[in-house]
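>>> Fold the stuff below for me.
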Amino acid sequence: MSDYSNKQAASGLMTSFDPGALNPPPHTLERLVALERDHGAPNHPVLPVVVARGRGSWVQDTDGVRYLDFLSSHFALNQGHRHPHIIAALKAQVDRLTLTAQAVHHDQLGPFLAKLTELTGLGAVLPQSTGSEAVALGLRTVRQWAFQAKGVRIDESEIVVASGGCHGRMMAMGMLDSGDPEQTDLPPSTSGFRMIPYGDSAALEAAITPNTAAFLLEPIQTEGAIVLPPDGYLARVREICDAHKVLLFVDELQSGLGRTGTMFAYEHAGIRPDCMTIGQSLGGGVYPVSAFLADRPIMDVLEPGAQATTYGGNPLAGAVGIAAIEVIENEDLVGKSRDLGEKLATAIREMDSPHVVDVRGSGLLVGIEIETRSGPAQTFCDALLKRHVLTQATHEQVIRLAPPLNIEDIDLEWAISNIGEVLS
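Residues are numbered from 1 along each chain as shown. Now for the predicted structure:
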């Protein structure tokens with residue numbers, strides 16, 4: 001290791017999470033994993049770690065071993081684990097009120113909605129709980145808009161979608177997640193979608209018909225191997241949508257709220273969408289909160305109660321959502337993401353590793369593409385796990401790095417040191 005490794009005492013690896021010793025776990029790691037396997041449905045591959053505690057950029061397993069978290073729970077932990085401001089808001093609201101019927105007002109919803117419209121510049125919000133719900137809600141809304149604004153029958157309306165994106169795991173959204181034409185295990189097809197290559201504005205223009213309601217895409221593809229748009233692509237997309245009276249619907253569930261070095265990833269292109277989804281870190285890592293937002297004329301096509309939800313916009317979600325945004329704003333996590341992301345990406349490029357084909361990303365969303373002859377990216381993730389850095393492979397050959405945006409400089413440097421040794 002480099003000389004930096006001697007400074008670990010200043011990082012989370014060698015410091016305790018809370019006063020006192022960690023309580024002994026009721027089950028061993030092997031037993032806990034077996035319980036999941038025996039009583040749960042098959043899921044995606046899981047690292048051989050059972051996490052019991054978390055704070056900031058660090059987690060601790062059931063044996064008290066600490067790991068630096070470069071996963072951030074699929075971008076739901078931009079503010080880190082258990083941020084004290086968010087936890088305080090959560091506890092205060094739990095002691096007052098957690099859920100109401102939608103037949104009455106509550107004192108957290110109005111301020112939460114106002115905060116979101118101020119943050120995004122879009123005029124109206126429909127709060128939900130998960131990202132999939134927000135996307136599903138958005139798809140229903142843009143189809144209703146096309147019916148009222150363009151006279152397109154609901155059952156004939158079309159949504160153009162960029163391939164390789166990730167918009168959730170519900171049936172309609174799940175079929176939109178694959179950029180691989182050879183994939184055969186997709187959910188059953190849902191009608192009304194036209195998929196085109198990401199980054200190809202000519203393909204978008206060719207796909208639009210009189211029945212097209214919207215174009216749905218991620219400004220930066222996060223699950224899709226960290227794919228950035230070509231220069232000028234999003235600006236041209238905005239022009240095409242305007243010319244054909246098609247809504248530009250951006251999915252910022254993962255790329256939003258500071259992750260890419262701007263509050264929202266579409267800002268890199270200097271454009272403005274007609275509608276969008278946000279979520280993940282909107283819940284501050286403690287509660288599921290998401291939302292669909294749109295300009296007022298779009299949202300106003302909905303009839304009262306048409307998009308009802310039991311938990312969306314509940315008092316607890318409102319309090320947590322406000323606190324989560326306050327942390328991003330008050331601690332300048334957007335600026336930290338931009339500066340630390342550049343530091344991380346530059347350091348990896350300067351390693352000049354023979355295993356690395358490309359280093360790409362924006363802010364604290366960095367992808368390392370591994371040379372095929374060097375083996376799959378997961379092999380390198382496994383090596384980083386042994387060095388107490390949690391990472392994930394995506395699309396076979398890409399290591400995705402996404403730490404909390406408030407990661408300490410010394411912890412980032414420690415991770416860079418370990419990444420360098422693994423890549424060498």
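
>>> Flag the shaky bits of the stretch 101-250 of the chain, pLDDT-wise.
167-190 (pLDDT under 70).

>>> Would you mind measuring from residue 136 to residue 128?
Note on residue 136: its distance to residue 128, by C-beta to C-beta, to the nearest Å, is 9 Å. No exception for glycine: its C-beta is placed from N, CA and C like everyone else's.

>>> more neighbours, the two?
The neighbour comparison of residue 136 against residue 128 (other C-beta atoms under 10 Å) goes to residue 128, with 26 against 21.

>>> any idea how far residue 135 is from the more buried one?
Taken as C-beta to C-beta, the span from residue 128 to residue 135 is 9 Å.

>>> Overlap in contacts, those two.
Taking C-beta atoms under 8 Å, 6 or more residues apart in numbering as the criterion, residue 128 and residue 135 both touch residue 292.

>>> Residue 125 is in contact with residue 295, isn't it?
No: Residue 125 sits out of contact with residue 295 when judged by C-beta atoms under 8 Å, with a separation of 11.4 Å.

>>> between the two, which one's more packed in?
residue 125 (22 against 17).

>>> which ones are touching the more buried one?
113, 116, 117, 291, 292, 293.

>>> cool, residue 153 as well?
residue 147.

>>> how close does it get to residue 192?
11 Å.

>>> Repeat that for residue 60.
Counting by C-beta to C-beta - residue 60 and residue 192 are separated by 46 Å.

>>> more crowded one of those two?
Just comparing residue 60 and residue 192: by other C-beta under 10 Å the higher neighbour count belongs to residue 60, 21 against 16.

>>> could I get stretch 95-113 in PDB with only the CA atoms?
Presented in PDB, the C-alpha positions along stretch 95-113 are these (Å, rounded to 0.1, in the frame of the first residue of the first chain):
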ATOM      1  CA  ASP A  95     -43.300  11.300  17.100                       C
ATOM      2  CA  ARG A  96     -46.000  13.500  15.600                       C
ATOM      3  CA  LEU A  97     -47.800  11.900  12.600                       C
ATOM      4  CA  THR A  98     -46.800   9.300  10.000                       C
ATOM      5  CA  LEU A  99     -49.800   8.700   7.700                       C
ATOM      6  CA  THR A 100     -53.100  10.300   6.900                       C
ATOM      7  CA  ALA A 101     -56.000   9.500   4.600                       C
ATOM      8  CA  GLN A 102     -55.800  11.500   1.400                       C
ATOM      9  CA  ALA A 103     -59.300  12.800   2.300                       C
ATOM     10  CA  VAL A 104     -57.600  15.400   4.600                       C
ATOM     11  CA  HIS A 105     -54.700  17.800   4.300                       C
ATOM     12  CA  HIS A 106     -51.600  17.500   6.500                       C
ATOM     13  CA  ASP A 107     -48.900  20.100   7.400                       C
ATOM     14  CA  GLN A 108     -46.000  18.500   5.600                       C
ATOM     15  CA  LEU A 109     -47.300  18.100   2.100                       C
ATOM     16  CA  GLY A 110     -47.700  21.700   1.000                       C
ATOM     17  CA  PRO A 111     -44.100  22.700   2.100                       C
ATOM     18  CA  PHE A 112     -42.700  19.500   0.400                       C
ATOM     19  CA  LEU A 113     -44.400  20.200  -2.900                       C
END
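
>>> how about the helices in the chain?
Using DSSP state H, the helices found in the chain span residues 29-39, 72-75, 84-94, 109-120, 131-150, 171-174, 201-207, 233-243, 296-299, 315-330, 333-350, 377-386, 409-423.

>>> How far does stretch 367-378 stretch from one end to the other?
Terminal residues of stretch 367-378 are spaced 13 Å apart (C-alpha to C-alpha, to the nearest Å).

>>> Kindly apply the preceding question to stretch 110-129 instead.
17 Å.

>>> Can you pull up the most central residue in this protein?
residue 254 (1.9 Å; C-alpha atoms, centre = their mean).

>>> ok, that one to residue 127 distance?
Residue 254 is 18 Å from residue 127, by C-beta to C-beta.

>>> now do residue 62
35 Å.

>>> Of these two, which one has the most company?
A side-by-side neighbour count of residue 62 and residue 127, using other C-beta under 10 Å, places residue 127 first with 25 against 20.

>>> Quick check: that one touching residue 320?
No: applying C-beta under 8 Å, one finds residue 127 not in contact with residue 320, separated by 11.5 Å.

>>> who touches both of these two?
In contact with both residue 127 and residue 320: residue 289, using C-beta under 8 Å, 6+ apart.

>>> Go ahead and name everything in contact with stretch 191-201.
By C-beta under 8 Å, 6+ apart, stretch 191-201 touches 143, 155, 157-165, 172, 175-176, 179, 203-204, 206-207, 212, 217, 221, 224, 227, 229-230, 233, 236-237, 240.

>>> now do 6 Å
Contact with stretch 191-201 is made by 158-164, 203-204, 207, 229-230, 233, 236-237, as judged by C-beta atoms under 6 Å, 6 or more residues apart in numbering.
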